[in-house]
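S.K.: Predicted coordinates and the sequence they were generated for:
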Amino acid sequence: MAGRTIPRLSFAHTFPYDRAVTTWRRWLGMGWLAGLAACTVDPLASAGRPCSPSNPCGPDAVCDPRGICVAQSRDRGALAGERAREGAPGLEAKGNDGPQADAPRTDARGDAPRVDARRDTKPADTKPADSVKPDTIKVCSVDCTALTNACNEGVCDTAVGQCTTKPKVAGTPCSNGQCYGGSCCNGCWDGASCQSGSGAAACGSHGDLCQNCTSTECRSTAGTMCSYLWDDVCTTFTAKSNGTACANNTGKCLEGACCTGCRDQNDHCRAGTYAGACGAAGGYCTNCLSDCRTGSTCANGVCVDPLKPDGTSCGNGAGKCLAGACCTGCISGNACNNGTTTNNCGEGGGTCKSCPAATQVCKKATCTNGSCGIGNAANGSSCTGGTCLNGSCCTGCVSGSSNTACGSGGAACTDCSAQSLTCTSGSCA
């Protein structure tokens, strides 16, 4: 060992002097807590370095499947800002480039820059503006139904809290007419306004659709008069058959005019917009107000509310529903009959019955209040050897008042003249 010099180890070999000075300055200037924080694991330094189960990342970084630490929770800009305020190492100015920018990292394999999708983002401010106020509903202080009349409904305007009127549906019946635009039309309706109904070009009454007497669309010859004597109808023309298609199939002919609405039971052409007479193109009107429907809406000439099942009680128990209508007579197959004939007898929507024929002379089958029975044949009806009288066959005089055939009550007739007598009140005297 002689002649060899053993080197002496200094403190600088085991702990660099400049690092020691920097650390002690931080402890003295920031306090021991800040110095202790400076000695903890730096998440910025952890991010991007290799990691494994035995070599975990810092508390603000996670080890991704590639084995590289990735910052989490706070973004790098926030961490860098905190470190800069604390005077943490690694963010001092380098040259003239200023503080290190948070540039995207590219790993050694040349992958595209990684963007941490888990970084916090500030949620959008969903607080409604103070200027947005909910609509205020105002209640009327009086009963608005007092304004209801034949062609208008009294309603409450909740925007201002005042009563107002709303026109009833076009075609709603009113006194001797129909409602249109909140007024009762007693003349005829031309589709836009109510006409007097006395002119040849706009003829009609009771609020029906106007007829054009000068048109030959539904007439063989054109008329020139609208006569009030005939309830404001066109005269001096020959009408085409009801149901004949109008030009361009816009409707059907009805009493010499093209009906584009619907045809009611009195062969009047209605507008077809009223729920009680709903229809279009000249077809028969449908009553949407029937209690055999779940609602009462007429739209484009069609009752839109579903039908109640057939057989449902209706008319306050007076009938049964059939195809959307209340049948108070009797039902035979798919048809509702009035139930007053001996062939179809019944009521209340029950099944029609056929009443059996009478077997006695001068008797007949009857249908009364939906029930079959036996009644007297009409007086004067023929019977064997005589005439029916009050349900019996009279073979004598029914009401004999002549001198040669005098009698009454079906007794044998007497020839009063053979006795030089006169027939007085059915007796020879």
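M.R.: That came in fine, so what should we check first?

S.K.: count of residues packed around the residue lying closest to Cys314 once chain neighbours are set aside?
M.R.: Distance criterion CB to CB, 6 or more residues apart in numbering; nearest residue to Cys314, sequence neighbours excluded, is Cys326 at 3.8 Å. Every residue, glycine included, has its C-beta placed from N, CA and C. For Cys326, the neighbour count with other CB atoms under 10 Å is 21.

S.K.: Could you point out the helix or strand that follows the strand or helix carrying Cys326?
M.R.: Assessed by DSSP states H and E, Cys326 sits inside strand 325-327. Going down the chain from strand 325-327, the next helix or strand is strand 330-332, by DSSP H and E.

S.K.: partners of that next one in the sheet?
M.R.: Using DSSP bridges, the strands paired with strand 330-332 are strand 335-337 (antiparallel), strand 350-351 (parallel).

S.K.: that older thread, what are the contacting residues of the strand holding Cys326?
M.R.: Asn287, Ser290, Asp291, Cys292, Cys314, Gly315, Ala318, Gly319, Lys320, Cys321, Cys336, Gly349 (CB atoms under 8 Å, 6 or more residues apart in numbering).

S.K.: which stretches of the stretch 251-400 of the chain have low pLDDT?
M.R.: 399 (pLDDT under 70).

S.K.: same thing but at 80, please
M.R.: Applying pLDDT under 80 to the stretch 251-400 of the chain flags residues 395-400.

S.K.: re the thing from before, mind checking which of the contacts of strand 325-327 are buried?
M.R.: Asn287, Ser290, Asp291, Cys292, Cys314, Gly315, Gly319, Lys320, Cys321, Cys336, Gly349 (16 or more other CB atoms under 10 Å).

S.K.: Pick out whichever of the residues you listed sits closest to Asn212.
M.R.: Among those, Asn287 lies closest to Asn212 (CB to CB), at 28.4 Å.

S.K.: quick one, what contacts that closest one?
M.R.: Ala275, Gly276, Ala277, Cys278, Ala325.

S.K.: okay, the strands paired with strand 330-332 in JSON lines with distance to Cys140 next?
M.R.: What follows is the strands paired with strand 330-332, written out as JSON lines (distance: least, CB to CB, whole Å):
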{"stretch": "strand 335-337", "distance to Cys140": "44"}
{"stretch": "strand 350-351", "distance to Cys140": "48"}
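
S.K.: which one of these lies closest to Ala61?
M.R.: strand 335-337 (85.2 Å).

S.K.: Walking through the stretch 101-250 of the chain, point out its strands one by one.
M.R.: Assigned by DSSP state E, counting those that start in this stretch, the stretch 101-250 of the chain shows strands spanning 152-157, 162-167, 173-174, 177-180, 183-185, 188-189, 194-195, 198-199, 202-203, 208-209, 225-227, 233-235.

S.K.: To Gly380, which of these lies closest?
M.R.: strand 233-235 (41.3 Å).

S.K.: Could you say which of the contacts of Asn287 is surrounded by the most neighbours?
M.R.: That'd be Cys278 among those, by other CB under 10 Å, with 29 neighbours.

S.K.: That one: what's it in contact with?
M.R.: Per CB under 8 Å, 6+ apart, neighbours of Cys278: Cys262, Gly272, Cys285, Thr286, Asn287, Cys288, Cys298, Gly301, Val302, Cys303.

S.K.: With distance to Cys253 added, can I get the buried ones among the contacts of strand 325-327 in CSV?
M.R.: Shown next, in CSV, are those (distance: CB to CB, whole Å):
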residue, distance to Cys253
Asn287, 23
Ser290, 28
Asp291, 33
Cys292, 31
Cys314, 34
Gly315, 34
Gly319, 33
Lys320, 35
Cys321, 33
Cys336, 27
Gly349, 35
